[in-house]
Each structure stands twice: as structure tokens, then as C-alpha cells.
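Undergrad: Next come a sequence and a model predicted from it.
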Amino acid sequence: MRVRLKTAALNHLDLYVLGGMPGIPIGLPHIGGADGAGVVDAVGADVAGVEIGAEVVFDPGLSCGHCEYCRAGEQSLCVKFGVLGEHSDGSFAESVIVAADSLALRPGHLSWEESAAFGLTYLTAWRMLMTRGGLRPGETILIHGIGGGVSLACLQLAKLSGCRVIVTSRSDEKLKRAGDLGADDVLPSDDQVARSVRGLTDKRGADIVVDSVGDATWMQSLKAAAKGGRIVTCGATSGPNPKEEIRLIFWNQLSIIGSTMGSREDWRRLMAAVTGHHLRPVVDRVFPLAEGRSAYQRLEEAEQFGKIVLSIDG
Ligand code: ZN
């Protein structure tokens, strides 16, 4: 399928690609971008069920379709798994080619800018919390580093599920905005996070800790988790080799859970939730495609709250 793009959105992944990734050769010139929204303007001869003119978004995961994991419906475990804009040319362009089964109709309650702004992060958050984390209503969730796309999506999905959500940030402004979005408790990011979480939960701790920060937060995650708690990670923006404390893991019977992107089933369930509950991603700022460099710079400075979007068509 070819999608004529109207909007696209940046992810932290785009900065990694820009800087070069160990073990992943990227030929130049390279077009970045995992997320986008647009209109189908060409359909392959063997594709059924997709019409030219359909307004769509897409799952940016790239999978082979025939390895044992793909056959089991676990596309993000595919032995050749990749992401649009990382392992292929991406969505910062007039058009992009994507697999028909990755498409979904654009949710009608969202603007074009919002439509581009939820794919990768919401899908990642959905798999982290729902599929891998086994989130249950009423649980307490700790989310480090609120402000990025995945952390905000986790906040929204956890609140939708009736959970208590505690968030951290180094920025008072981001904590205030997270409170406006429904965070129950906000904490400064420091070495007192675990102590504060215990204080807020009658010494119990958090059932699920979402940690995509890594080095800077990992020890606080281990200390903040309740007995039997789950720590879910999808990344390590501050570094991938934190100090570890194995005694906390076995004594408190913690589960350390990895998660990457999502399966097509995760994508379908996510789209049903976004459409059914009128979920709305937070858009930080919109730049025209021609000012893409400024968009990358804003992401690099980590000043954003929500998604940085590129306007491509008009
Ligand atoms: Zn595969």
C-alpha cells in the first residue's frame, strides 16, 4: 500500500537513528520517521479490503510474516523485526509504502496532527501495560520521566483502566501538566522516589513500575516496586547498564519484564481503545516538514511535553 502522508511524528528512535545505531547499518540518504497519517493512494494487486482514498494510520513494526513468532501472531518478536524509518525509509516524506495488515482507519475524533502522534508510543505502552505487564484495574503504577510519548501514553492507558498513577519528572512544569492529565501523585525525579512511593502507598509500593529511563532510575524502580511487583522496560534513555540489586528481586519476588513495540493483535486492541474511548495523544508542537531540523532539535533538547509532529501536506 502507498500512503500519501499528511502528517508524521517524531519518536526518540529517530534521534538514535540520526546518531547511528551499533549493529544496524543505515545507508544514506535515509528517510526517518515511524509514525504518520495520510490517505491511501495506491494498492498492490494482491491486496483486498483496502480502498484508495481511505484515511489511515499504520503500525510501524516491520516483520517477516513467516518465522515461528510471526506465525504465532507475535510480530514484535520476529527474528527480522524492524521499525519503519529505522530499518527502512520512513514517514518523513510525501509518501510511504506500508503493509496492508498494518493499516487502521484514522480515528474520527482526532485531527491529522493527533492521528500521526500516537502509533509507536501508544502501541508500545499498550503492550507494556496490558499484554506484558498484565495491568489490572485498581493497581498502582509508577511512571518515571513523564513527558515523553510512551510515558504519557502509559499515564492515559492506566487512568483509563482505573489505576492509581504516580509520575516523576525533573521538571515542575511537566509534573503540573501530568497532574492536569490525571496523574494522581507527582514526584521530583531524585533518589527519594522509592521512599516517596512507599509513603504514598502505606509502605506497600507500586504494582507496576514503567521504567524506560534505565541507568538513572533503575535502583529506584527496584526499591519502589511492591512485593510481587512488575517492572516493565521498553528502553533506557539514560543508559543501559544500571547498578543492580538482585536481593530486592528475589526477596520481593519481582518480575523484570521486557517489551518492544507490539503485535498486530496489540495494534488492533489499541485501535479499538483509542476509537472507543476517544483517547487523544498530547501534541507538543507542529513543524512543517521543511523545518524538520528544528523538530529534531526540540526532541534532542528534551523540552517537549507530548509528541512533536511534522505537517507534510499543506
Ligand atoms: Zn517473522
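TA: Here it is on my side, so go on.

Undergrad: residues from the stretch 51-200 of the chain in reach of the ion?
TA: Within reach of the ion by CB under 5 Å from the ion, the stretch 51-200 of the chain has these residues: Ser63, Cys64, Cys67, Cys70, Cys78. Any C-beta I mention is one placed from the backbone N, CA and C, and that applies to glycine too.

Undergrad: and if we set it to 8 Å?
TA: Contact residues, the stretch 51-200 of the chain versus the ion (CB under 8 Å from the ion): 63-71, 75, 77-81.

Undergrad: For the stretch 151-300 of the chain, just list every one of the helices.
TA: 172-180, 193-200, 218-224, 246-251, 264-276, 292-300 (DSSP state H, counting those that start in this stretch).

Undergrad: For Val309, see how far away the residue of the stretch 101-250 of the chain found nearest the ion is.
TA: Distance from the ion to each residue of the stretch 101-250 of the chain (CB to the ion) is smallest for Asp101, at 12.9 Å. Look at Asp101 and Val309: by CB to CB, to the nearest Å, they are 25 Å apart.

Undergrad: Gly306 contacts Val150, correct?
TA: No: Gly306 is not in contact with Val150 according to CB atoms under 8 Å; the separation is 11.4 Å.

Undergrad: for Ser212, what are its contacts?
TA: Contact analysis of Ser212 by CB atoms under 8 Å, 6 or more residues apart in numbering lists His144, Gly145, Gly148, Val150, Ser151, Thr233, Cys234, Gly235, Ala236, Thr237.

Undergrad: repeat that with 7 Å
TA: Shown in contact with Ser212 (CB atoms under 7 Å, 6 or more residues apart in numbering): Val150, Thr233, Cys234, Gly235, Thr237.

Undergrad: I'd like to know how far the closest residue in space to the fourth one that isn't next to it in sequence sits from His30.
TA: Spatial nearest neighbour of Gly235, excluding adjacent residues (CB to CB, 6 or more residues apart in numbering): Ser212 at 4.1 Å. Distance from Ser212 to His30, counting by CB to CB: 24 Å.

Undergrad: what about Leu13, which helix or strand?
TA: Per DSSP states H and E, Leu13 falls inside helix 12-19.

Undergrad: for that helix, which positions count as buried?
TA: Using 16 or more other CB atoms under 10 Å as the test for burial, helix 12-19 gives His12, Leu13, Asp14, Tyr16, Val17.

Undergrad: Please work out which residue of the stretch 201-314 of the chain is closest to the ion.
TA: Ser263 (11.0 Å).

Undergrad: Just want the most central residue of the chain.
TA: Nearest to the mean C-alpha position of the chain, counting by CA atoms, centre = their mean, stands Thr121 at 2.0 Å.

Undergrad: residues touching it, list them.
TA: With CB under 7 Å, 6+ apart, Thr121 has these contacts: Asn11, Gly149, Val150, Ala153.

Undergrad: Phi first, then psi, for the second one.
TA: Note on Gly149: its backbone torsions stand at phi -60, psi -50 [degrees, to the nearest 10].
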